[in-house]
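# Need a 3D model of the following:
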Amino acid sequence: MARLNGNSMIMWFLFAIMFGLGNFHASAELQRLTHAPKNDDSLSFLVLGDWGRKGDYNQSDVAYQMGYVGKKLNIDFVISTGDNFYDNGLTSDRDPNFEESFSKIYTAKSLQKPWYAVLGNHDYRGDAAAQLSPFLRQIDSRWLCLRSYIVDSELVEVFFIDTTPFIQDYFISPEHDYDWREVNNPPKAYITNLLKDLAMALRGSKAKWKIAVGHHAIRSIGHHGDTRELVSLLLPLLQANKVDFYINGHDHCLEHISDTASPMQFLISGAGSKAWRGDVQKRNREDVNFFYDGQGFMSVQLTQTDANIVFYDVNGKVLHRAMYSKELHSVRTKEQLLSII
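Numbers count the residues shown, from 1 in each chain. A predicted model of the protein is given here:
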């Protein structure tokens, strides 16, 4: 099969999605998991990405602070934005790296809650299916990783999206081998059907909040920057269906960027271990609310009317806070809140 270059591939996907072209397998609904909110109809969770290094690069220090914040907020679960195990994912579902980088690191009592994860590009460099294996749940019952799925808590629906197959460069990279066994038949069919399934789920959602989670950034001023395939293929779908937040990792930093065409906010939490790249692009853009080139994590607290988003560094210090009003469709940062006071 002849390869499509990046621009041609994007245009082909858009054309196929709009007009239903191609000999694709039948689309199916995304798997849906339920997670009930608290009795007061609130929900809170932590977000961590790019972390699995057997405790190195301050991974253990970040984990310690997560345990403290998790207890304070009485979190319901943890979201992992991918690149769960470095450098090349897991070799199998018996790989000791699973316990050495996960079970033995995130030991705080408050973190003994479900961990909902997506795959990152580094995870695809190993046995990608290993992280999806039910056997891992026998080792550590917290772990749940699927390619694309929905966590439904009534208050919020979280749409987990497998973004790695969107990236054309990974299919032509001479540097690394990727595990495309469930994707490369051909990849355009996989992506087109994923977008159809996601569109159907978003249109049918009646949740108060809609959150999308992927590994790669739509908007970022970090090392990797914007992901053009997601800007072209995924962003219009999220905007049209009034998604509140798109959360990702990939860039080893913490970021908060506002969408210029909708109320959606881009939240990056990819600082679970190795960070401090020292490069940043166009930091003074008006849509950039916050950028931190270092290790840390994020928390999200949701009620029927408000979202409280907080970014923490490796020492647990609050770096940035933003309040989002569902009724007003507005975001107020810590600095704006202080100016009001």
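# Please make it C-alpha for all contacts and neighbour counts, starting now.
Fine.
# element containing Tyr64, please.
helix 59-73 (DSSP states H and E).
# Would you mark the buried spots in that helix?
Across helix 59-73, burial judged by 16 or more other Cα atoms under 10 Å covers 59-70, 73.
# would you turn the residues you listed into JSON lines with distance to Lys188 and pLDDT?
As requested, the buried residues of helix 59-73 are exported to JSON lines (distance: Cα to Cα, whole Å; pLDDT from 0 to 100):
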{"residue": "Gln59", "distance to Lys188": "36", "pLDDT": "98"}
{"residue": "Ser60", "distance to Lys188": "39", "pLDDT": "98"}
{"residue": "Asp61", "distance to Lys188": "40", "pLDDT": "98"}
{"residue": "Val62", "distance to Lys188": "38", "pLDDT": "98"}
{"residue": "Ala63", "distance to Lys188": "38", "pLDDT": "98"}
{"residue": "Tyr64", "distance to Lys188": "41", "pLDDT": "98"}
{"residue": "Gln65", "distance to Lys188": "41", "pLDDT": "98"}
{"residue": "Met66", "distance to Lys188": "38", "pLDDT": "98"}
{"residue": "Gly67", "distance to Lys188": "41", "pLDDT": "98"}
{"residue": "Tyr68", "distance to Lys188": "43", "pLDDT": "98"}
{"residue": "Val69", "distance to Lys188": "41", "pLDDT": "98"}
{"residue": "Gly70", "distance to Lys188": "40", "pLDDT": "98"}
{"residue": "Leu73", "distance to Lys188": "41", "pLDDT": "98"}
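# if we can go back for a sec, quick one: the helix holding Tyr64 to chain centroid distance?
How far helix 59-73 lies from its chain's middle: 19 Å, per Cα atoms, centre = their mean, to the nearest Å.
# Could you do stretch 286-300 as well?
Using Cα atoms, centre = their mean, the offset of stretch 286-300 from its chain centre is 14 Å.
# re the thing from before, which two from the buried residues of helix 59-73 end up farthest apart in space?
The most widely separated members of the buried residues of helix 59-73 are Gln59 and Leu73, with 20.8 Å between them, by Cα to Cα.
# Could you list the buried residues of the lengthiest helix in the chain?
The single longest helix within the chain, with elements called by DSSP state H, is helix 187-204. Buried residues in helix 187-204, counted by 16+ other Cα under 10 Å: 187-199, 201-202.
# Same question for stretch 266-281.
Neighbour count says stretch 266-281 has 266-275, 280 buried, by 16+ other Cα under 10 Å.
# pLDDT, distance to Tyr324 and secondary structure added to the residues you listed, as TSV?
Putting those into TSV (pLDDT from 0 to 100; distance: Cα to Cα, whole Å; DSSP: H, G, I helix; E, B strand; the rest coil) gives the following:
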residue	pLDDT	distance to Tyr324	secondary structure
Phe266	98	13	strand
Leu267	98	13	strand
Ile268	98	16	strand
Ser269	98	18	strand
Gly270	98	21	coil
Ala271	98	23	coil
Gly272	98	24	coil
Ser273	98	28	coil
Lys274	96	30	coil
Ala275	94	28	coil
Val280	80	26	coil
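# Reformat those as JSON lines; add distance to Glu286.
Shown next, in JSON lines, are those (distance: Cα to Cα, whole Å):
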{"residue": "Phe266", "distance to Glu286": "14"}
{"residue": "Leu267", "distance to Glu286": "15"}
{"residue": "Ile268", "distance to Glu286": "17"}
{"residue": "Ser269", "distance to Glu286": "20"}
{"residue": "Gly270", "distance to Glu286": "22"}
{"residue": "Ala271", "distance to Glu286": "23"}
{"residue": "Gly272", "distance to Glu286": "27"}
{"residue": "Ser273", "distance to Glu286": "28"}
{"residue": "Lys274", "distance to Glu286": "28"}
{"residue": "Ala275", "distance to Glu286": "24"}
{"residue": "Val280", "distance to Glu286": "15"}
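# Appreciated, that's everything.
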